[in-house]
Structure formats: C-alpha cells, structure tokens
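> Just a sequence and a predicted model for now, questions to come.
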Amino acid sequence: MEVDHLFICVTNPIQSAAALSALGLIEGTPNVHPGQGTANRRFFFQNTFIELLYLTDAQEAQSPLTAPTQLFERLSATDSQVSPFGVCFRPTTANEALPFPAWEYRPAYLPASLKVDVGRAPVSEPMWFFLSFAKRPDQMPPERAQPIEHANGFRQITAVRVTTASGEAFSATASCANQLSEFEIIQGNEHLMELEIDHGVQGQTRDLRPGLPLVMNW
C-alpha cells in the first residue's frame, strides 16, 4: 500500500488553487462528483496528486448514501477538532489485501463495479480510504494523462506528514498508515499537512497558512 492522493477541504477553491499555481504548479482537470455534492481542483505529480475538495450541494452531501463518509462534516466544519484532510491509498502489488478495517462506499459517480474502501476512524483524523483500481499519474493512459511537468521542476511528493489537533488515541487505520515509510501522522495543536517534494533537495519551504493548512518543503 502507498499514498495515492491527498485531499484538503476548502471553502474558496479559486483562492486555494491560485496559491498552488503561484508555486509554479500547473493545474490538472477539475472534477465534479454527481450525487456526492462535491467538486475539486487538482494538481498532479508523477506519483500522486493534491485534491482541493469543496462543497457544491449540501443536500447531496448529507444524503443517506454520502452521509456516512462524513464529508459534509469536514467540508462545513467550524470545529477545530474536525480534520479537513483525506488520505487515499492504492495497492502496490496485485490483489493486495486491504490492510485496515473499512466499509464499502459506492458513490453514484463511479461505475457499479468499483468501490471506495473507507477506513473506520473518527472525524478528528483524516478520511482514510483505499482505491484498489488506482494508478500513479505517470502510469495513466494518454487519454487520461494529466500535467506532471511543472515550471518549478517539482516531480514527486516523497514524504507526507499530517498533524491532527485531537488528543485521542489513533485509530487502527491511522496506526496502519503510520507504518508506511513515506507517511506520518502525529498529534499537535492544529490540523496541518506537510509535504516534502523531491526529498527536499532545494532546501526551500513555503507555508500556505492561513489560506491553506499546508506547508510545502522542496
């Protein structure tokens, strides 16, 4: 298992996307999620992508199908205990077994044969989920290819650290994620995502707070 992509819940997608574009990242195509009440802006790297997720329809997000994901709570939260993040994983080997306790979510925007395995965890942690069908952006067929060559030279996200503001013991899913070499979740005073780009060889840092709870190191 490895990180497939990361989402950050935002209320102003235009401003949030502009902050990433200002770093020299080229934006990929956006997506709308019919039936889920959400849409996104996306920025791709060779091995993963950043998804800026925002609410488009509160009623859909609170429907019986979508409500168990707690996406609405994350997207509308004013409580600092609610994590605004999501961490998606993909398999690294064929037929890899799901390594954490989960339930099956079958959103309307996916073909009936596909599912999202959502990890069981409190909303104070990121939304953990697993896509058995996901692939690296640099392995996509030409018709689905996204921009992964950027003006700033960024190539791969090589490490992810997520801070949660909750003092609760981590769930089994979080503990499983913490075993990955490129991922770490810790407890702190605020919800924060820190990304290392290309092993931080340039020695540069950009803190995108308060607009985004994100620090980029490259």
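Here it is on my side, so go on. Numbers count the residues shown, from 1 in each chain.

> What lies in contact with stretch 182-201?
Among residues not part of stretch 182-201, those counted as contacts by Cβ atoms under 8 Å, 6 or more residues apart in numbering are 2-3, 6, 8, 45, 50, 80, 83-85, 87, 125-126, 153-167, 170, 174, 177-178, 209, 213-218. For the C-beta atoms, the positions are set from N, CA and C on the backbone; glycine is no exception.

> For ChimeraX, write the selection for the buried entries among those residues.
Listed next is the ChimeraX selection for buried residues among these, using 16 or more other Cβ atoms under 10 Å:
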select :3,6,8,45,50,83,84,85,87,125,126,154,155,156,157,158,159,160,161,162,163,164,165,166,170,174,177,213,214,215,216,217,218
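
> Just the ones of the contacts of stretch 182-201 in helices?
Mapping the contacts of stretch 182-201 onto helices (DSSP state H) picks out A174, A177.

> Next step: the contacts of stretch 182-201 restricted to strands.
2-3, 6, 8, 50, 85, 87, 157-164, 214-217 (DSSP state E).

> List the buried residues in the longest helix anywhere in the chain.
Of all the segments assigned as helix in the chain under DSSP H, the longest by residue count is helix 13-21. Applying a neighbour-count criterion of 16+ other Cβ under 10 Å, one finds P13, S16, A17, A19, L20 buried in helix 13-21.

> ok, of the residues you listed, which one's closest to G35?
Using Cβ to Cβ, P13 comes nearest to G35 of the buried residues of helix 13-21, at 19.3 Å.

> now L114, nearest residue through space, not along the chain?
Distances taken as Cβ to Cβ, 6 or more residues apart in numbering place F133 nearest to L114, at 5.8 Å, with adjacent residues excluded.

> hmm, I was thinking of V82
Nearest non-adjacent residue to V82, counting by Cβ to Cβ, 6+ apart: V123, 5.3 Å away.

> residues touching that neighbour, list them.
Residues in contact with V123 (Cβ under 8 Å, 6+ apart) are Q70, E73, R74, Q81, V82, S83.
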